[in-house]
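Quick one: sequence and predicted model below, then my questions.
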Amino acid sequence: MSTVETAIVAEPAGAEEPRGRRRRSVALIVGTSIVGTYILAAVLAPWLAPYDPLAQDVPNALAAPSGSHPLGTDHLGRDVLSRLLHGSRVDLLLGMAAAGAAGVLGTVLGLVAGYAGRSVDVVVTRVMDVVQALPGIVLLLVLLLVLGPGAGSIIAALALTGWVAYARLVRASVLVVRDQDFTSAARLAGLGHPRVLFRHVLPNVWIQGVIYMTSDIVIIIGAIAALGYLGIGIQAPTPEWGQMIYDGQAFLASHWWLSAAPGLAIVVLGLGLALVSDALTDRARR
Amino acid sequence: MVSAEPLLEVSDLAVTLHTPQGPLRAAEGVSFAVAAAEAVGLVGESGSGKSVAMRAILGLLPRGSTVSGSVRFAGRELVGVAERQLAPIRGREISMIFQDPMTALNPIRRIGGQIGEVLRIQLGWNRRRASAHARELLARVEIAEPDRVLRQFPHQLSGGMRQRVLIAMALACQPRLILCDEPTTALDVTTQDQILALLRRASDESGAAMIFVSHDLAVVRQLCSRVLVMYAGRLVEMGPIGPVFADPRHAYTAALLRSLPAIDGPRQPPVSIGGELPDRFRPPSGCRFRTRCTVADDSCASLPSTLLPVDGERGSACIHAATGLPDRGAESGVSR
């Protein structure tokens, strides 16, 4: 959150050393390579995975990493590498979809709250306070119980709990932009309020939401994994990283790689997205 | 007020802004008229309600503001009408040049797109025609390389250039009235002169009337034929430039003129106006200038807020207008 807020504060021109800039573009390159690798892995999973992620081979269960199974097999004899690759499809897609839904919902509500004036603003702001006052995971659990299991429910529940941050960011930016004269000038050009809002205000504020989204995807994938771990996320046997961590937990002492591999996958993806987010924040500041 | 039907007639305009401290009467009892092709100056200190009055004419006030009174433009009422009725007049027949060219252009859109938007929406032109005309407009406001500027973003232009772009946008639909809200305040003095010359020529060529809001009396004297003086939300004096400047009939106007260094005439040190603007949430009764005025007496506390006629075409809200004010420059106990 704090990295996003500093994006609004302008830095004096020329304060930046070329060296720092180079380091940041390195961060952008490393970050996008990591994220790009994940996306490629997700897209190419059916071709990259050596085995069917759902094929069981019980006699060969809990095999240690070897040439035929680089990451070993789980308690049902399924190939862990194949499940990890296929799991990236589920987690990345759900993460992006949920972050996207939360971002769109939050941006629209933030735009309206910031622009429409008092009464609407008060209502939206109070709703944001209420959502934020509840612990996120509890709200997620309740929503999932109401909506039932499934990918659609998970996206909806994550969007309904996650939009607040976007709405706050966008609303704050709108309050700054709204009173600049170019919005009045747009009115003089004959635009009504909705068109001023979407053609002149939105293009000036949406980047704030996008920057936050890059770090939000990590949090959301973490939440999806947590839901999988709690058993109310994506249901077995679909490969999903959180579920994989949970499944491996029972064998942690003897077969630690079962949980460590999906855990590491989440951590490295988080690192990659954080690097991209930082670099974008920096771009927006300049 | 030469012709029978003025282009713009503002009567008893009052604006209430809603601030965190409560409602604020930013302007009240404002009545004046502007004839076609006339240039009128509106002067006053910061916070005297000049800009608010201008924005009220176009309905461009912050949400939640209330406007009462009447603004008639070419026979049509502008106060209290629906947005839809206002839209064809706003920007097309009455346009506005804003004070701060840094914020009056959308920072992330190209200049060409912003000028073109006015033409496409107000006049329904297609992209090619709008873009060709935008180039012509930029040439008219003496931008040397219009083709390059059309492709640039606001941050690539200097303040003077941006103000030229804004003037071009204001002229785009050939308005009959241009409201200039301190268009040179944010510019340095040499740029200011060029912009003023440009504005004068633009209004001469197009025959548009102009209301020029400023706190700079010298600029108003250069540009306008008539002047309106505002203080603490009210009009206090109006009349033709020459007579008002030579022989002010309101204590505030007189004090304002005394605070300027005199270039022509006898050398006299400028005299500042003592005290400060009254608390706008609790203004004094009667004449609002009486708390700072050197000639105020008990009668000033109960005063009609309307202008009293002076010498036919002039008006003043000062009851001492007839009996005489201290001469310009006379240091009659005015604090420095």
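Cool, the structure landed.

Could you list the residues of chain A in contact with chain B?
By C-beta under 8 Å from any C-beta of the partner chain, the residues of chain A that approach chain B are A:116-118, A:179-182, A:184-192, A:200, A:203-204. (C-beta placed from N, C-alpha, C; glycine too.)

just the buried members of those residues?
Buried subset of the residues of chain A next to chain B (neighbour count, 16 or more other C-beta atoms under 10 Å in any protein chain shown): A:116, A:180-182, A:184-191, A:200, A:204.

Go through those and flag which are in strands.
Using DSSP state E, no member of those falls in strands.

Name the nearest of those residues relative to residue B:123.
Among these, residue A:190 lies closest to residue B:123 (C-beta to C-beta), at 9.2 Å.

What values do phi and psi take at that closest one?
Phi and psi for residue A:190, reported as degrees, to the nearest 10, are phi 100, psi 10.

ok, residue 155 - contacts?
Answering for chain A, as no chain was given. By C-beta atoms under 8 Å, 6 or more residues apart in numbering or on different chains, residue A:155 lies in contact with A:94, A:97, A:98, A:101.

let's do chain B instead
residue B:107.

How about the secondary structure of it?
What DSSP: H, G, I helix; E, B strand; the rest coil gives for residue B:155 is helix.

For residue A:56, see how far away it is.
62 Å (C-beta to C-beta, to the nearest Å).

got it, and residue B:89?
Residue B:89 sits 76 Å away from residue A:56, going by C-beta to C-beta.

What of residue A:70?
In this view, residue A:70 and residue A:56 are 18 Å apart by C-beta to C-beta.

And for residue B:243?
Going from residue B:243 to residue A:56 by C-beta to C-beta gives 102 Å.

Likewise for residue B:149?
69 Å.

okay, now residue A:42: neighbour count?
Residues lying near residue A:42 (other C-beta atoms under 10 Å in any protein chain shown) number 18.

Mind listing what's buried along the helix or strand harbouring it?
Per DSSP states H and E: residue A:42 is located in helix A:18-48. Neighbour counts over helix A:18-48 (16+ other C-beta under 10 Å) mark A:24, A:27, A:28, A:31, A:32, A:34, A:35, A:38, A:41, A:42, A:45 as buried.

Residue B:89 and residue A:56: which has the busier surroundings?
The neighbour comparison of residue B:89 against residue A:56 (other C-beta under 10 Å) goes to residue B:89, with 21 against 15.

Please report how far the nearest residue to the more buried one once chain neighbours are set aside lies from residue B:5.
Nearest non-adjacent residue to residue B:89, counting by C-beta to C-beta, 6 or more residues apart in numbering or on different chains: residue B:73, 6.3 Å away. Going from residue B:73 to residue B:5 by C-beta to C-beta gives 11 Å.

Look up which residues are beta-bridged to the residue of the stretch 201-336 of chain B found nearest chain A.
Chain A sits closest to residue B:213 of the stretch 201-336 of chain B, with a gap of 13.7 Å, by C-beta to the nearest C-beta. When assigned by DSSP bridges, residue B:213 has beta-bridge partners residue B:42, residue B:181.

Tell me how far it lies from residue B:297.
Distance from residue B:213 to residue B:297, by C-beta to C-beta: 32 Å.

Looking at the two, which has the bigger crowd around it?
With neighbours defined as other C-beta under 10 Å, residue B:213 and residue B:297 compare such that residue B:213 has more, 25 against 10.

Does that one touch residue B:181 like I think?
Yes. Residue B:213 is within contact range of residue B:181, at 5.0 Å (criterion: C-beta atoms under 8 Å).

so what sits against both of those two?
Common neighbours of residue B:213 and residue B:181 are listed as B:50, B:51, B:54 (criterion: C-beta under 8 Å, 6+ apart).

before we move on, the earlier item: just the ones in helices from the contacts of residue A:155, please.
A:94, A:97, A:98, A:101 (DSSP state H).
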